[in-house]
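> Okay, predicted coordinates and the sequence, questions at the end:
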Amino acid sequence: MEALKKAIDAFVNAFKIEDLRKKLIFTLVVLIIYRIGAHITIPGVNSAILGEYFRNSNNLFGLYDSFTGGAFAKATVFALGIMPYISASIIIQLMGSVIPGIQMLQKEGQEGRAKLNQYTRYFTVALSALQGWGISVWLSNLKVTVATGASLSVLADDFASGPGNIGFRLLATLTFTAGTIFVMYLGEQITSHGVGNGISLIIFAGIVGGLPRAVLAETEMLKEGIQPLAIEIFILAMVVLIIGFIVFVETANRRIPLQSPRRTIGNKVMGGQSSYLPFKVNTAGVIPVIFASCIMFIPAMIASWFPNVSVMQAFATAFIPGHLAYSVVDALLIIFFTYFYTAIQYNPNDIAENLKKSGGFIPGVRPGKQTAEYIDHVLTRISLPGSLFLALISVGPWYLKDALNMSFYIGGTSVLIVVGVALDTLRQLEAQLHTKNYEGFLKRGRIRGRMAS
């Protein structure tokens, strides 16, 4: 109860600050706009029949749909969500490791980042068009067996006619692409004028948006006697444990002790204070999970372009969540992206150089090259348990879901993203509250003394 009261007080304090209140309201309005668009079905699609297909199937599209908050299962204007933008970002960052021109832009500061963001936007448009065309082909060929036993097309009669449904495919591709561009714009506006990382909050809103539907489905199973009460209680306990475990690891860090040299100025001795250099155990956050998930969608996307090719369909089936191939590849991708993103985020040479310039040093380690090697050694060691944690929490719950015959996915990727984004947003809110001498979310006790603004 004390923690809940503390959180409520922190939100009240946030709304007392005019600038922060405007940012919070702006963020909320943008997310509402996103959720409204996630319910507008594109012309020509019977969302009821398409929804029947998703309720009776278990494939990778279901995980994709969870990231879009049900927008994909309804074939709405935001069906592709923000995933094409994330895929484009991954490719641009990977290209920076092998293309000198992109490497130079990555080192040019704000101007270089602005240029890379422009390239990412262009690439997002291309990927959205490709994925949109693939989804439109898949929709135009999809037949769903309903309760009466009839096999019905998800397209309306007016759109199902014509050679190859070319009119519907072009319209759907254009709509999906425009929707993704608009979602990308909304995310960038949140980052610029709101609170938190806009792209992460868009994914957060999509996952949370699908939560009420999942809870209602599970409640219906309990009422009909399909799921025993004991299993439901066990599921609830597992949800709490998974969230607690994620919060514990997300807030854990490895502290490297630092010492500043003593300096005598006149009759006063300055410096000589001890501090520490903190590194999170999960140094890369939720980024590796998002990156890996985007790549794991590729087999299903490619298979959707060739609906009548049995080899492609068999290849996509092997990558359904819960299958061995999916679990192994997803885990390996998460481990790879954890090390990759950590290497991008932390440069041991730069950290060592900055410590040397400020006069700080790690006790027992010589400044310069040895300090850089020590920091790199620490990052390498803590990245391994961090990556294994991400892989376990992303892959493991799929098997738990199948074992308990649950109607929804209780953990792993979705919960990790929700908890990670929530913690990151709360940290940003707390930082701004502390500048106004208000108590924040994540620490006990009040800030004593005013911080210089």
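That came in fine, so what should we check first? Residues are numbered from 1 along each chain as shown.
> Heading C-terminal from the one helix or strand in the chain whose mean pLDDT sits lowest, find the next helix or strand.
None of the helices or strands of the chain scores lower by mean pLDDT, DSSP states H and E than strand 268-271, at a mean of 56. As assigned by DSSP states H and E, the chain's next helix or strand after strand 268-271 is strand 274-280.
> roughly how far is the helix or strand following that following strand from the heart of the chain?
With elements assigned by DSSP H and E, the helix or strand that comes after strand 274-280 is helix 287-296. Computed by C-alpha atoms, centre = their mean, to the nearest Å, the chain-centroid distance of helix 287-296 equals 8 Å.
> Any chance you could list what contacts helix 287-296?
Residues outside helix 287-296 that contact it (C-beta atoms under 8 Å, 6 or more residues apart in numbering) are 60, 63, 67, 83, 86-87, 90, 203, 319, 326, 329-330, 333-338, 340-341, 387, 390, 394, 413, 416-417. All C-beta atoms are positioned from the backbone trio N, CA, C, and that covers glycine.
> Quick check on the residues you listed: which are buried?
60, 63, 67, 83, 86-87, 90, 203, 319, 326, 329-330, 333-335, 337-338, 340-341, 387, 390, 394, 413, 416-417 (16 or more other C-beta atoms under 10 Å).
> which ones among those are found in helices?
60, 63, 67, 83, 86-87, 90, 203, 326, 329-330, 333-335, 337-338, 340-341, 387, 390, 394, 413, 416-417 (DSSP state H).
> Strictly from the record, what residue spans define the domains of this structure?
Following automatic domain parsing, the chain resolves into domains at 25-209, 252-404.
> between those domains, which one is nearest to residue 226?
domain 252-404 (11.8 Å; C-beta to C-beta).
> ok, now how distant is the closest residue to residue 77 other than its chain neighbours from residue 294?
Spatial nearest neighbour of residue 77, excluding adjacent residues (C-beta to C-beta, 6 or more residues apart in numbering): residue 179 at 4.0 Å. Computed as C-beta to C-beta, to the nearest Å, the residue 179 to residue 294 distance reads 17 Å.
> Ok, residue 95 next?
Distance from residue 95 to residue 294, by C-beta to C-beta: 15 Å.
> These two - which one has more neighbours?
More neighbours surround residue 294 than the other of residue 95 and residue 294, with 23 against 15 (other C-beta atoms under 10 Å).
> Strands along the stretch 351-453 of the chain, start to end?
Shown for the stretch 351-453 of the chain, no strands are assigned by DSSP state E, counting those that start in this stretch.
> where along the stretch 351-453 of the chain do the helices fall?
In the stretch 351-453 of the chain, the helices defined using DSSP state H, counting those that start in this stretch lie at 369-404, 413-435.
> so where is this protein shaky, pLDDT-wise?
1-11, 56-63, 146-149, 157-164, 261-273, 304-305, 307, 401-413, 435-453 (pLDDT under 70).
> Give me the distance between stretch 220-232 and the centre of its chain.
Taking mean C-alpha positions (C-alpha atoms, centre = their mean), stretch 220-232 and its chain are 31 Å apart.
> Span of that stretch from start to end?
12 Å (C-alpha to C-alpha, to the nearest Å).
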